[in-house]
Structure formats: structure tokens, C-alpha cells
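A.B. asks: here are the coordinates; sequence isn't available:
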């Protein structure tokens, strides 16, 4: 066997219903492990936008130097993937020592590989036979990462008893750690604020709006500094309490036909829509877009990478900043106008005004995902798109502005007519936002770095 090459390969047999892709062989290293997944850091990278059933870090193949002649074998271990790994049709639990001809499937119906090892000449092992964990899914060898130590099938390791010892470092990379910490913080603060309705409402509204925005942020999948997003929301709030708002009201509601109907005033459906289109849609969407445009011009003053971190350079930037601007608008409008009006006007029984204010606050804040965030995020998509395609800038901005204003006007107008129609418009608005996010991710220059949530993978 002197001079004979001993190398393992993975040859892709199928793409898991993904058409138009090549099936290349992958040479396995006999010195370092190779991770298979959609993440760009993997050694075997599968197209992230095609193989959605595959997790970001789905499985790892490690070399085993357990033979007398030093030749390598390999084992495959599942990395807690969402859809599992299958060896020869059997669900893999833990690790499995690969044999020539083994078929590896990443998720049921996912891409399939076959393990090949040219010039394979099995050599008897000197250690005792590998113990197997007999399960309904098949035999799974209990071999450690280095394959030098063996453990009994019923043994329990320290990290199995105390998972934090082995997974603690990974927690900061997962999307559920920071929200969990913030939830605990807000719960403690809200307990401390019981009896102080203004403070309690502020904490609850901030938490709910943050959760709604986090949902949009995860769907977008692009990192944007938290302080930039908070600054955008604060800018919108300051605009609402500054001298710009009266000017907007003068233009859109006094000069243009955007006067909102008074309480008890009867208007036709067509007239109501026109009023809402000018007085709410065009006015408020332009107002919320000002911080997004400001971020773009501010970013132009800096050099890379601050230019990209602060400014708007693609549709995903516009969506994130537009949604952040909507958070500032919703918080100030809800806490500064609607809730105080309810609490001040209701004089029936002690505490009833606070209860009605709280009942109004919760649906208004949660509804911002299909309301203000949807309209502003959708317009933000067009702002970012106009930057990618400057020759068509005004056409793109005009279409986006009119669409966002129309959705906004429909939401406000149907609120006077029927809750059922309101729900339909809300679903439609969210569909517009979701479609814009998907298109923005496809157009993104940083597409390979996108961490967007996929419900079929990690």
C-alpha cells in the first residue's frame, strides 16, 4: 500500500428538488473537520437561497486517525439541525462512522450525497469494537470527536448534565438570547411600575414595539447598528413635536383635500378615502420618510464602513430604517394622543379610563407590523431601490410613495367601515412588506452575509 492514495469524497447524488444546479464531488480533508451547511463559513457551502431545508451549520465530517497505518476514516455528526440528517435512510443521532457507499441526506427530501473512498482496504482495528447505541433509527456508534476514546452506551457526560458548559458560547450567536434578556428586564421594570400608569404604558409600548420591529429585523436579515435604528425612531418622534408637523398639516389637510372627518360627520366612502389619502397617507408617509432620507445624506458624509452602517445603500437599509421610523411615530402617536384622550375622556368609574387606554395601546402597537411599519418599510424599500438604480430614481420613488400612501389610506378608511375589511387591508399591507423584504434580500449586494430567519432551517 506504499504510495497508494487514500482519500474520501462526497459525491452529490441529488439536489433535493432544486433544479439547475451542478453536482460536484467534494474531497474530504484527512486533517481537519468539514462543516456542511448554508453558512458562508462552512467548508461545504450549499446555496442558501435554494437549499432552504438545510440548516446554516447542518452536519460536520471529521477525520478519524484510528488505524495502525495512519490512514484516515471519517465520521459524520449532526449539528442539531432543524430537519435532521439521515444515513442510508435512517435518522442520525449523534455521529456515524462513514463506510464507502453510505448515503447522506440532509433533511427528508433534501440534498443527498454518497460517501466514496477509492483504494479502500479495511484494516482491523486494534481497540475493542466500537459500541453502538441501538435505537429505533438504527445503530449509531458512540465515538468522540477524536475517535480515540469510547464511552458506554448509557454513560452521561458532564456537558450533557450541564449543557451551558458546552453551548454557552453559542448562545450569543442565536437570535433568542438577547430578546430573552430584554424580556426579563422589561418584566422587572413593569412590576416596579405597577400603579404608575404612564410609566407602565411606556414600558409596555416600548417592549411590544421592539418585539414587532425585531420580527421585521429578523426577516430582513441585515445587520444595522442598534443606535442607528433608535436614532431614526427618535428623529421621527422629534419631528412630530417640532415645527415641521404644523407645516405638513397646513399643506396636506388645509390646502390639499386631506381634512380628516370630525366625530359624527357623515361622508361618502369615496370622499373618506380621498381625505385619508392626502391627510394621512401622503402626509404621514412623507413625514416618516424624512429620517430615512436624512440617514442617506448623512451617510454620504462618511467613508466606508461607516457610510454603509449609517446610511441607506440598498433596499434592506431602507426597510429597516423605515420600520424604525414607524416605531417612533407609533409610540408617540399612541402614548401622546390616543391613550391620553381615552384616559381623560372616560369618567365612569375609577380606573376604567386606564383600562380602556391599556386595551387600546396593545392592539395599536402590535398592529404596527401591518400598519405603520408595513407602509414605511415598503416606502423604504423604494428609497433603497432608487439608490441602486439612480437613472430611474424618480419613477421608483413615485411608485413607492403612492403605493405606501394608498395602503395607509385604505387602512384608515376601512377602519370607519368594517373590522373585516380592516383585517383584509392589514393582511394585504403585510403581504406588500413581506414581498418587498424578499425582493430586497434577492437584490442585496451583501446577500451572502444575510442571516434572515428561515422557518425550514436554523
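C.D. replies: On my side now, so go ahead. Remember, it's a predicted structure, so these values are computed and weren't measured experimentally.

A.B. asks: for the residue nearest to residue 412 when sequence neighbours are not counted, helix, strand, or coil?
C.D. replies: Nearest residue to residue 412, sequence neighbours excluded (Cβ to Cβ, 6 or more residues apart in numbering): residue 276, at 4.3 Å. In this view, the C-beta of every residue, glycine as well, is placed from N, C-alpha and C. The assignment at residue 276 comes out as helix when based on DSSP: H, G, I helix; E, B strand; the rest coil.

A.B. asks: run through the residues that contact residue 276.
C.D. replies: 258, 260, 408, 409, 410, 412, 413 (Cβ atoms under 8 Å, 6 or more residues apart in numbering).

A.B. asks: same thing but at 7 Å, please
C.D. replies: Neighbour list for residue 276: 409, 412, 413 [criterion: Cβ atoms under 7 Å, 6 or more residues apart in numbering].

A.B. asks: and the helices in the stretch 151-300 of the chain?
C.D. replies: 158-161, 164-171, 177-192, 197-220, 226-241, 244-249, 269-276, 283-299 (DSSP state H, counting those that start in this stretch).

A.B. asks: redo the contacts of residue 276 as CSV? Include pLDDT and distance to residue 235.
C.D. replies: Formatted as CSV, these follow (pLDDT from 0 to 100; distance: Cβ to Cβ, whole Å):
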residue, pLDDT, distance to residue 235
409, 95, 24
412, 90, 24
413, 92, 28
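
A.B. asks: most surrounded residue in these?
C.D. replies: residue 409 (26 neighbours; other Cβ atoms under 10 Å).

A.B. asks: tell me the domain ranges of this structure?
C.D. replies: For the chain, the structural domains run 9-155, 163-192, 196-449, going by automatic domain parsing.

A.B. asks: what about the last one, how long is it end to end?
C.D. replies: Put plainly, it is domain 196-449. Distance across domain 196-449, first residue to last, is 44 Å (Cα to Cα, to the nearest Å).

A.B. asks: one more: the second one?
C.D. replies: Using Cα to Cα, the end-to-end distance of domain 163-192 comes to 33 Å.

A.B. asks: about what we covered before: just the domains of the chain: most buried one?
C.D. replies: domain 196-449 (a mean of 18; mean count of other Cβ atoms under 10 Å).

A.B. asks: among the contacts of residue 276, which lie within helices?
C.D. replies: 409, 412, 413 (DSSP state H).

A.B. asks: residue contacts, the first one?
C.D. replies: By that I understand residue 409. 273, 276, 277, 280, 281.

A.B. asks: and the furthest pair within those?
C.D. replies: Using Cβ to Cβ, the two most remote members of these are 273 and 280, lying 10.4 Å apart.

A.B. asks: against residue 49, how distant is residue 404?
C.D. replies: Per Cβ to Cβ, to the nearest Å, residue 404 is found 27 Å from residue 49.

A.B. asks: before we move on, what about residue 204?
C.D. replies: In terms of Cβ to Cβ, residue 204 sits 37 Å off from residue 49.

A.B. asks: same question for residue 108.
C.D. replies: Taken as Cβ to Cβ, the span from residue 108 to residue 49 is 20 Å.

A.B. asks: ditto for residue 268
C.D. replies: On the measure of Cβ to Cβ, residue 268 and residue 49 end up 47 Å apart.

A.B. asks: now residue 231
C.D. replies: In terms of Cβ to Cβ, residue 231 sits 31 Å off from residue 49.

A.B. asks: and residue 62, by the same measure?
C.D. replies: 28 Å.

A.B. asks: repeat for residue 32
C.D. replies: Residue 32 is 27 Å from residue 49, by Cβ to Cβ.

A.B. asks: now swap in residue 324 and tell me
C.D. replies: 26 Å.

A.B. asks: okay, now the unreliable bits of the stretch 201-350 of the chain?
C.D. replies: Across the stretch 201-350 of the chain, the ranges flagged by pLDDT under 70 are 338-350.

A.B. asks: one more pass at 50, please.
C.D. replies: For the stretch 201-350 of the chain, the stretches with pLDDT under 50 are 347-350.

A.B. asks: what sits against residue 372?
C.D. replies: Contacts of residue 372 by Cβ under 7 Å, 6+ apart are 326, 329, 330.

A.B. asks: which of these fall within strands?
C.D. replies: Judged by DSSP state E, the subset of the contacts of residue 372 located in strands is empty.

A.B. asks: got CSV for these, with distance to residue 443 too?
C.D. replies: As requested, those are exported to CSV (distance: Cβ to Cβ, whole Å):
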residue, distance to residue 443
326, 22
329, 26
330, 27
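
A.B. asks: now, which of these sits nearest residue 210?
C.D. replies: Within the contacts of residue 372, proximity to residue 210 (Cβ to Cβ) peaks at residue 330, which comes in at 11.4 Å.

A.B. asks: make sure the closest one is actually in contact with residue 366.
C.D. replies: No - assessed by Cβ atoms under 7 Å, residue 330 is found out of contact with residue 366, at 10.1 Å.

A.B. asks: that'll do, ta.
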